[in-house]
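Engineer: need a 3D model of the sequence below.
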Amino acid sequence: MTPSVDALRADSPWLAIVPMKRHSERVPGKNIRSLHGRPLYFWTLQALSAVEPIGRIVIDTDAEEIADMVSRDFDVQISMRPERLRGDCVSTNELVAHVISQCSAYDRFLQTHVTNPLLTPHTIADAIGALAAHPENDSLFSVTRLQTRLYDSAGAPINHDPARLIRTQDLPPVYEENSNLYLFSRTSFNRRRSRIGAAPLLFEMNKLEALDIDEESDFLLAEVLMAARARREMTAASV
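Structural biologist: Below is the predicted model:
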């Protein structure tokens, strides 16, 4: 039996929410597929577990198999999705709403995905610190900077003038929501029923660390980057 989420206690101010469903349309079984010798979920949960302000991690899932695997590897709480929240077309905001409705002891939440295997404890802690330093913002989400020539589907330029070819590094940046980190309070979420509040703080991340696994090619790139990171850590440890 998995313990009830109602048993959570606010021994630290942040609750981390990690959705993990069984089915994946583009990369079958990706949440438990092996990456660099470990299940994909291992890397994100390892990072979250190393961040001191996070008091508890809740795994939101529709699969007992996932619940059992994750519980063997990490000290987490399991929230099984009700039938109405199962399937490929359910909004993450609806999943988050279900979890926080069960966790009355917590008022601040962090949501991420196990498809962000390169996310580090340092970056997570920096994001928490950034939001704390900006009380005028009610939430935070992570972004990746883009400085390239962009067009809409009709071929119209979005962020540049094709007749005036300035260097791409001089273009005004635009930012892509990269799905790595969302920080929000219970109040800000309930106002809009959204992880992103009315006055969000954009938190810029390194493009490679922000890799989000959506396609098979992303898995291949993640393997290369994880191996490179392991080599760097081994070299640093031997110095």
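Engineer: tell me which stretches of the chain form strands.
Structural biologist: 14-20, 34-35, 38-39, 54-61, 77-80, 108-111, 139-146, 174-185, 200-204 (DSSP state E).
Engineer: what backbone torsions are found at the residue nearest to Leu118 when sequence neighbours are not counted?
Structural biologist: Of all residues not flanking Leu118 in the chain, Glu209 sits nearest, at 4.8 Å (Cβ to Cβ, 6 or more residues apart in numbering). C-beta: built from backbone N, CA, C; applies to glycine. Dihedral angles of Glu209 (phi, psi; degrees, to the nearest 10) stand at phi -60, psi -30.
Engineer: what is the neighbour count of Glu209?
Structural biologist: Neighbour count of Glu209, defined by other Cβ atoms under 10 Å: 19.
Engineer: turn the strands of the chain into CSV, columns for distance to Ile158, mean neighbour count and mean pLDDT.
Structural biologist: What follows is the strands of the chain, written out as CSV (distance: least, Cβ to Cβ, whole Å; neighbours: other Cβ atoms under 10 Å; pLDDT from 0 to 100):
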stretch, distance to Ile158, mean neighbour count, mean pLDDT
strand 14-20, 31, 24, 97
strand 34-35, 34, 14, 94
strand 38-39, 39, 16, 96
strand 54-61, 35, 22, 96
strand 77-80, 39, 20, 95
strand 108-111, 28, 24, 97
strand 139-146, 10, 21, 97
strand 174-185, 8, 20, 96
strand 200-204, 18, 18, 98
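Engineer: gap between the spatially most distant residue from the centre of the chain and Pro157?
Structural biologist: Taking Cα atoms, centre = their mean, the residue of the chain most remote from its mean C-alpha position is Ala163, at 38.8 Å. Separation of Ala163 from Pro157 (Cβ to Cβ, to the nearest Å): 10 Å.
Engineer: for this protein, which segments count as helices?
Structural biologist: Assigned by DSSP state H, the helices in the chain fall at 40-49, 64-73, 92-101, 121-132, 186-192, 216-238.
Engineer: looking at those helices, which is nearest to Glu177?
Structural biologist: When the helices of the chain are ranked by proximity to Glu177, the top entry is helix 92-101, at 11.9 Å, counting by Cβ to Cβ.
Engineer: helices or strands up against that closest one?
Structural biologist: Secondary-structure packing of helix 92-101 (3 or more Cβ pairs under 8 Å, 6 or more residues apart in numbering; DSSP states H and E): strand 14-20, strand 54-61, strand 108-111, helix 186-192.
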